[in-house]
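>>> what follows is a predicted protein model with its sequence.
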Amino acid sequence: MKIITTPMCEEIVRLAGITDYVVNKFPDEEEGDLAILLSESKVEMDALPIKINTPKQVFESIRKVSKITGNELSDMDVQAFFEEYPLAKKYLFSDFKRNVNVKVYSEFLKDIVSDFGFNIVSDNFDYVIYPDYLKDTVKETENLVEIPSHNCISKNPFEKIEVRYAILETLI
């Protein structure tokens, strides 16, 4: 089976135990049997969509991808990948609830702030959280929190979580 993955998903593919794959930002440009890509991406070939915004999503994505290898990783195997990343590990099985109200610009950030325990509201918010690529469209002028998007941060999902969650931890 020829597997094609995008640069954003390569680390998940590698950790899941797949060694024979091709990386292309545009999987349909390759001849392949299966594309492993972010859930919001669309391709013509068969695809295995994954999410990698939160520690839980990274965990589930590694498990999901490892199932196609014939050597499925256990929960303990996957948890071991989190050892070097303290914030990713802290939030992996957490269920924090915080009394912080935030307005969020972006669907991928909604996953993150919900996982972090913030309340998503449209009025009476403490902070406005937005991805860097929407900086010029944010209407509010106070208590702004800019989060690096996919293009302005490491492609490693664990490193991404560490940076984004560190920013959010400054708000509590």
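On my side now, so go ahead.

>>> all strands of this structure, in order?
Per DSSP state E, the chain carries strands over the ranges 3-5, 21-23, 34-38, 47-50, 101-104, 119-120, 127-131, 144-147.

>>> give the other helices and strands that the first one contacts.
Packing contacts for strand 3-5, counted by 3 or more Cβ pairs under 8 Å, 6 or more residues apart in numbering; DSSP states H and E, involve helix 10-15, strand 21-23, strand 34-38. Placement of C-beta: from N, CA and C, glycine included.

>>> the same query, at a cut-off of 7 Å, please.
Strand 3-5 makes packing contacts with strand 21-23, strand 34-38 when contacts are defined by 3 or more Cβ pairs under 7 Å, 6 or more residues apart in numbering; DSSP states H and E.

>>> show me how far that strand is from its chain's centre.
Computed by Cα atoms, centre = their mean, to the nearest Å, the chain-centroid distance of strand 3-5 equals 18 Å.

>>> ok, the fourth one next?
Taking Cα atoms, centre = their mean, one finds the center of strand 47-50 at 13 Å from the center of the full chain.

>>> what lines up beside that strand in the sheet?
If you go by DSSP bridges, strand 47-50 pairs up with strand 34-38 (parallel).

>>> check the shortest one too.
For strand 119-120, sheet partners with direction are given as strand 101-104 (parallel), following DSSP bridges.

>>> CA atoms of the partner strand as CSV?
The C-alpha trace of strand 101-104 is given here as CSV (Å, rounded to 0.1, in the frame of the first residue of the first chain):
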residue,chain,number,x,y,z
ASN,A,101,-14.6,33.4,29.1
VAL,A,102,-13.1,33.7,25.7
LYS,A,103,-14.2,34.8,22.3
VAL,A,104,-12.5,32.6,19.6
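
>>> count the residues that sit near the nearest residue to Glu44 once chain neighbours are set aside.
Nearest residue to Glu44 in three dimensions, chain neighbours excluded: Asp28, at 5.1 Å (Cβ to Cβ, 6 or more residues apart in numbering). Neighbour count of Asp28, defined by other Cβ atoms under 10 Å: 13.

>>> ok, Asp28 touching Lys42?
No. Judged on Cβ atoms under 7 Å, Asp28 makes no contact with Lys42 at a distance of 9.2 Å.

>>> before we move on, back to that, looking at the helices and strands packed on strand 3-5, which is nearest to Phe158?
Phe158 sits nearest to strand 34-38 of all the helices and strands packed on strand 3-5, at 16.0 Å, using Cβ to Cβ.

>>> mean confidence score for that closest one?
The average of the pLDDT scores along strand 34-38 is 96.

>>> and for stretch 155-172?
The pLDDT scores in stretch 155-172 average 96.
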